[in-house]
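S.K.: here is a sequence with its predicted model. Questions after.
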Amino acid sequence: MVLRFYNYYISSDKDLAKKLKSILGFTPRRLNLFKLAFYHKSMKNVNDGIEDYNNERLEYLGDALLSTIVADYLFKKYPNKDEGFLTKMRSKIVKRKSLNALAEQMGLDLILSSYSQGKLSSAMMGNALEALIGAIYLEYGYKFTKKYVVKQILREYINIHNLETIDDNHKSKLLEYCQKHGHNVDFRLINKYKHDKRDRFKVAIVLNGSEVAYGDDFNKKSAEQTASKRALIELEPLAT
């Protein structure tokens, strides 16, 4: 209690503590841990002599926790649904685009912009959300983190019933379309390069030996989805 009071009213990072309180509903004790969640790897950071001070490790932890919590939540919510349905629903929730939108809805950009050097990218938002979940776990443990994610994130920001009717897995749709029409399709990584100090991937859709569409993004799966969407538009508007 004393440490939380200090963080909120006296600490040099009291502005961060107040923003976290407004977003999360509580003031963390280990404020430096939560501060780390907003340092993206695209920024060159040094803290207490530690180079490359960034949120990658917290992001890794938060990603695993979020996937597990969402899987458990869906398993209990849909006792009569099969594995395929549950997997698709989990993917809709934890995919990068959804996490970016969630982070923005929660207002994480208000904190992230304080530590970002230059323009914020949408991917930085989702990364920060995963890192924040990792920080919550390290501070409060799994039971608290699970309860927080379900009540304050999943139920607060996600319309789970609307998700049931949405199918935005363009890669899956493209594969089904090609199977139906007898096309050979391949996803080819044609370039990996640096953009804003981060890896970026360019993927081509190769249909019957010819490149028909391209997509690029900060991760390969997202690039494949973008390329697939463009390929479907080229092939047959009704397929989208």
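M.R.: Great, that's in hand. Please read these numbers as outputs of a predicted model, since none were measured by experiment. Numbers count the residues shown, from 1 in each chain.
S.K.: contacts for the lengthiest helix in the chain?
M.R.: Ranked by residue count, the top helix of the chain under DSSP state H comes out as helix 56-77. Outside of helix 56-77, the residues within contact range by Cβ atoms under 8 Å, 6 or more residues apart in numbering are 33, 36-37, 41, 86, 89-90, 93-94, 127, 129-135, 137-138, 142, 145-146, 149-150, 154, 160. For the C-beta atoms, the positions are set from N, CA and C on the backbone; glycine is no exception.
S.K.: try 7 Å this time
M.R.: Residues from elsewhere that reach helix 56-77 (Cβ atoms under 7 Å, 6 or more residues apart in numbering): 36-37, 41, 86, 89-90, 93-94, 127, 130-135, 137, 145-146, 149-150, 154.
S.K.: for my notes, confirm Val206 occurs in a strand.
M.R.: Yes - applying DSSP: H, G, I helix; E, B strand; the rest coil, one finds Val206 inside a strand.
S.K.: might you report the residue contacts of it?
M.R.: Val206 neighbours (Cβ under 7 Å, 6+ apart): 185-186, 188.
S.K.: pretty sure Ala204 is touching Val185, no?
M.R.: No - with contact defined as Cβ atoms under 7 Å, Ala204 does not reach Val185; the gap is 11.0 Å.
S.K.: re earlier: inside strands: which ones of the contacts of Val206?
M.R.: Among the contacts of Val206, the ones falling in strands (DSSP state E) are 185-186, 188.
S.K.: mind checking how far Lys147 is from Leu102?
M.R.: 17 Å (Cβ to Cβ, to the nearest Å).
S.K.: my bad, should have said Arg96
M.R.: Here the criterion is Cβ to Cβ. By it, Arg96 lies 11 Å from Leu102.
S.K.: all helices for the protein, in order.
M.R.: 2-9, 14-24, 31-36, 56-77, 83-94, 96-106, 109-115, 122-140, 142-148, 155-157, 160-165, 170-181, 220-235.
S.K.: would you mind finding the most buried of those helices?
M.R.: helix 122-140 (a mean of 23; mean count of other Cβ atoms under 10 Å).
S.K.: contacts for that one, please.
M.R.: With Cβ under 7 Å, 6+ apart as the test, helix 122-140 has contacts from 28-30, 33-34, 37-38, 40, 55, 58-59, 61-63, 65-66, 96, 99-100, 102-104, 108-109, 112, 116, 145, 148-149, 218.
S.K.: return that helix as CSV; C-alpha atoms alone will do.
M.R.: Below are the C-alpha coordinates for helix 122-140, written out as CSV (Å, rounded to 0.1, in the frame of the first residue of the first chain):
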residue,chain,number,x,y,z
SER,A,122,-0.1,-0.3,-34.9
ALA,A,123,2.1,-3.3,-34.2
MET,A,124,3.7,-1.6,-31.3
MET,A,125,0.3,-1.3,-29.7
GLY,A,126,-0.4,-5.1,-29.6
ASN,A,127,3.2,-5.8,-28.5
ALA,A,128,2.7,-3.4,-25.6
LEU,A,129,-0.6,-5.1,-24.6
GLU,A,130,1.1,-8.5,-24.5
ALA,A,131,4.0,-7.1,-22.5
LEU,A,132,1.6,-5.5,-20.1
ILE,A,133,-0.1,-8.8,-19.5
GLY,A,134,3.3,-10.3,-18.8
ALA,A,135,4.0,-7.5,-16.3
ILE,A,136,0.7,-8.1,-14.6
TYR,A,137,1.5,-11.8,-14.2
LEU,A,138,5.0,-11.1,-12.7
GLU,A,139,3.5,-8.7,-10.2
TYR,A,140,0.3,-10.5,-9.2
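S.K.: now that helix, how far from the chain's geometric center?
M.R.: On the basis of Cα atoms, centre = their mean, to the nearest Å, helix 122-140 sits 9 Å off its chain's mean C-alpha point.
S.K.: state the mean pLDDT of that helix.
M.R.: Computed over helix 122-140, the mean pLDDT rounds to 93.
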